[in-house]
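In: fold the following for me, if possible:
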Amino acid sequence: MNLDSFQYSGRRALVIGGATGMGAATTRLVSELGGSVVVMDVAEIDGPAEQKIRVDLREKASLDAAVEQASGSFDAVFCCAGVADGVEGLIRINYLGQRYLVDRLLERDSISRGGAIGCISSVAGLGWQMEFETLSEFIQLSDWDAAVAWTEAHEGTDQYLFSKKAVNAWVAQSAFSLIQKGIRINAIEPGPTDTPLARANAEVWLGFSAEYNKAAGLDALRPEDMAAPLAFLCSPAARGINGISFLVDNGQINSGITGSFGSPLGG
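Out: All right, here's what the predicted structure looks like:
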C-alpha cells in the first residue's frame, strides 16, 4: 500500500446530497483527490461535478429517473443527504431514498468490484444495537412501498434518531452480503458540525458540543472534518474496513461514557 491508495485518480464517485454541507465538502475533496464526481440533490448544485442530477429522495419516480440519468459505474457512492425533525418525509430523505438508490445501482452492477459505499449517520444513531429487533424488521424491507407503509404504521419512525439508527443497522447488516460482491459499506457518526442544517437548529445541535469544545479549546467541527474520514473509508486505503459506523466527534461521547468529561448526553 502506498499514498496512491488514498487518492481518487481514475475513480468515479456518486455523492447523494452533494449540494451543501458535508456532501458538498465530500464532493470537493474527492474532486481534489483526482476523482470524477456525479452529484445528486434536490437543491441547486454549484460545486465541481461531471454530472448534476436533481432528485427528490421522497419520491420513487424521482429516484428511478435519477438512476437512469446516472450512467456508467461508480467506485464510490456517498450517502450524504440529511434533514432535521420537522421536515416532511424525513425517513425517506435520511434513509429510504438513499438506500433505494444504492439498491438500484447494485441491481444493475453499477458499483464496481473493489468499490465502497460511505454513509453519514450521526451520534444520534448510537445504541442502534439495543433496538435491532425493530430495526431489522424495517431494514429488511427493500420494496419502496412496503418500507414507506411500515413507517406509516409505526409511530416514531419518521424521526431523526430512528433514521440514523436505521442507517447504522443497514450498514452493519449489509457488510457480509456486499463484501461477497467485493464492495464495502461503512458510515461515520458526526458529532455537532457547523453546517447549514446545524445552524438552522443551532441551540440544540451546536449547543450539544459547546461546553465540551470550550473546555477542550476546540472550534466546532466543520464539514471538511467529516469529508476526510468519509473519503478515506471509500478509498482503497481502507480495504479492510467494512460494516462499521464510527464516531467523528472530537472524543466527546467517549469522554462522557468514561466520565472524563460530563455525560454521554453532553454537559
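
In: what's the spacing between stretch 113-123 and its chain's center?
Out: Mean-position distance between stretch 113-123 and its chain equals 6 Å (C-alpha atoms, centre = their mean, to the nearest Å).

In: stretch 123-136 now?
Out: Offset of stretch 123-136 from its chain centre (C-alpha atoms, centre = their mean): 16 Å.

In: quick one: Asp41 from Gly97, how far?
Out: According to C-beta to C-beta, to the nearest Å, Asp41 and Gly97 sit 11 Å apart. Heads up, the C-betas are built off the backbone N, CA and C, glycines and all.

In: tell me the residues that contact both of the two, please.
Out: Between them, Asp41 and Gly97 share these contacting residues under C-beta atoms under 8 Å, 6 or more residues apart in numbering: Val55, Ala81.

In: show the average pLDDT along the helix or strand Phe162 falls within.
Out: Under DSSP states H and E, the secondary-structure element containing Phe162 is helix 160-179. Averaging pLDDT along helix 160-179 yields 98.

In: output stretch 248-264 as PDB, restricted to C-alpha atoms.
Out: In PDB, the C-alpha atoms belonging to stretch 248-264 read as follows (Å, rounded to 0.1, in the frame of the first residue of the first chain):
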ATOM      1  CA  VAL A 248     -16.100  11.700  14.500                       C
ATOM      2  CA  ASP A 249     -16.800  13.900  17.400                       C
ATOM      3  CA  ASN A 250     -13.500  15.100  18.900                       C
ATOM      4  CA  GLY A 251     -13.900  12.400  21.600                       C
ATOM      5  CA  GLN A 252     -17.000  13.900  23.300                       C
ATOM      6  CA  ILE A 253     -19.200  10.800  23.500                       C
ATOM      7  CA  ASN A 254     -16.400   8.500  24.900                       C
ATOM      8  CA  SER A 255     -15.400  11.200  27.300                       C
ATOM      9  CA  GLY A 256     -18.900  11.200  28.600                       C
ATOM     10  CA  ILE A 257     -19.200   7.400  28.700                       C
ATOM     11  CA  THR A 258     -15.900   7.200  30.800                       C
ATOM     12  CA  GLY A 259     -16.800  10.200  33.000                       C
ATOM     13  CA  SER A 260     -13.700  12.100  32.000                       C
ATOM     14  CA  PHE A 261     -15.900  15.000  30.900                       C
ATOM     15  CA  GLY A 262     -19.600  15.400  31.500                       C
ATOM     16  CA  SER A 263     -22.000  12.800  30.400                       C
ATOM     17  CA  PRO A 264     -22.700  10.900  27.100                       C
END
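
In: would you mark the buried spots in it?
Out: Burial within stretch 248-264, assessed by neighbour count using 16 or more other C-beta atoms under 10 Å, is assigned to Val248, Asp249, Asn250, Gly251, Gln252, Ile253, Ser255, Gly256, Phe261, Pro264.

In: again, but for stretch 134-149
Out: Counting neighbours by 16+ other C-beta under 10 Å, one finds that the buried residues in stretch 134-149 are Thr134, Leu135, Phe138, Ile139, Leu141, Trp144, Ala147, Val148.
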